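Asker: Predicted model and sequence follow; I will ask about them next.
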Amino acid sequence: MQGTVVIDCFPESVHRYRKGYAVVAVDVVRATTTAISTAAAGRRCFPVLTIEAAWEMAKRLENPLLVGEQNGARPAGFDLNNSPSDLMMRLDVHRPAVLLSSSGTRLCHEAFACEAAFVACLRNYSSVASHLAGNFRRIAVIGAGSRSVFREEDQLCCAWIAEHLISAGYTAENSHTLMLIRKWQDKPADAWLESKSASYLRSSGQTADLDFILGHIDDLTVSYALRNGEVTSILPVPELRV
């Protein structure tokens with residue numbers, strides 16, 4: 001299929017892609033890694049926009065876990081921080097997770113309103129690209145960003161997804177997308193280790209999450225969609241929608 005791919009950043013950019021695009025939300029450190037790992041473990045996952053929305057969602061679920069952070073701190077009353085490694089240590093996968101983060105779940109919240117929305121991290125970048133290729137003509141891969149910065153780990157993940165699509169016959173919509181693909185296409189998965197995100201995890205004693213992210217590169221073969229407020233796995237190949 002002849003199609004196009006564009007890389008963008010920040011939740012507020014999503015409105016540009018609500019119609020006619022499949023949107024992919026990316027927040028490697030850490031929301032989409034947490035969300036995908038949660039769903040892959042068999043636990044339901046509901047990304048939310050605010051602390052208030054988290055409590056409202058929790059009321060509708062049976063015995064949920066409240067997972068997340070705001071400005072790096074776990075909100076009062078929450079069970080866990082936005083930590084994929086901590087969540088994977090738990091055995092109570094029957095308890096649904098309500099997930100909140102400073103930017104990643106904001107991005108997911110915006111993406112829910114798009115015609116087709118997916119979620120990706122370094123665990124499933126090639127599987128989501130393979131799922132999208134040939135099924136959607138226009139694809140927007142969007143990093144969550146933080147404090148007006150397009151974080152390096154998100155650049156890398158977005159670029160790798162876009163590179164797969166280019167290899168499948170898509171073209172870049174603009175020079176910025178092509179520049180990011182070229183910047184990251186030959187880099188190793190740990191090329192962002194000197195970034196502010198990695199430094200934050202180290203300085204805050206959360207290196208287990210850093211190890212988790214780098215220890216799970218492209219190890220999932222399932223794609224995950226954002227549908228009806230939830231992260232859901234996609235197994236069958238859908239009909240062309242866009």
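Answerer: Sure thing, it's come through. Numbering: from 1, shown residues only.
Asker: Output whichever helix in the chain runs longest in PDB, but only the C-alpha positions, please.
Answerer: Criterion DSSP state H: the longest helix present in the chain is helix 152-167. In PDB, the C-alpha atoms belonging to helix 152-167 read as follows (Å, rounded to 0.1, in the frame of the first residue of the first chain):
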ATOM      1  CA  GLU A 152      15.100  10.900  23.300                       C
ATOM      2  CA  GLU A 153      13.700   7.500  24.100                       C
ATOM      3  CA  ASP A 154      10.400   8.400  22.500                       C
ATOM      4  CA  GLN A 155      12.100   9.800  19.400                       C
ATOM      5  CA  LEU A 156      13.900   6.500  19.100                       C
ATOM      6  CA  CYS A 157      10.800   4.400  19.400                       C
ATOM      7  CA  CYS A 158       8.700   6.600  17.100                       C
ATOM      8  CA  ALA A 159      11.600   6.600  14.500                       C
ATOM      9  CA  TRP A 160      11.900   2.800  14.600                       C
ATOM     10  CA  ILE A 161       8.200   2.400  14.000                       C
ATOM     11  CA  ALA A 162       8.300   4.900  11.100                       C
ATOM     12  CA  GLU A 163      11.400   3.200   9.700                       C
ATOM     13  CA  HIS A 164       9.500  -0.200   9.600                       C
ATOM     14  CA  LEU A 165       6.700   1.600   7.700                       C
ATOM     15  CA  ILE A 166       9.100   3.200   5.300                       C
ATOM     16  CA  SER A 167      10.500  -0.300   4.600                       C
END
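Asker: in its sheet, what does whichever helix or strand comes after that helix sit against?
Answerer: Next along the chain after helix 152-167, taking DSSP states H and E as the criterion, comes strand 171-172. When sheet partners are counted by DSSP bridges, strand 171-172 sits next to strand 4-9 (parallel).
Asker: Rounded mean pLDDT for the strand it pairs with, please.
Answerer: Over the span of strand 4-9, the pLDDT mean works out to 98.
Asker: In this structure, where is pLDDT below threshold?
Answerer: Scanning the chain for pLDDT under 70 picks out the ranges 1, 235-242.
Asker: could you pull out the strands for the chain?
Answerer: For the chain, the strands defined by DSSP state E occupy 4-9, 22-26, 45-48, 65-68, 97-100, 116-120, 138-143, 171-172, 223-227, 230-234.
Asker: With mean neighbour count and distance to K187 as added columns, please give those in a markdown table.
Answerer: No exception for glycine: its C-beta is placed from N, CA and C like everyone else's. Putting these into a markdown table (neighbours: other Cβ atoms under 10 Å; distance: least, Cβ to Cβ, whole Å) gives the following:
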| stretch | mean neighbour count | distance to K187 |
| --- | --- | --- |
| strand 4-9 | 23 | 15 |
| strand 22-26 | 31 | 16 |
| strand 45-48 | 27 | 28 |
| strand 65-68 | 25 | 30 |
| strand 97-100 | 27 | 28 |
| strand 116-120 | 26 | 17 |
| strand 138-143 | 28 | 16 |
| strand 171-172 | 16 | 18 |
| strand 223-227 | 22 | 23 |
| strand 230-234 | 17 | 27 |
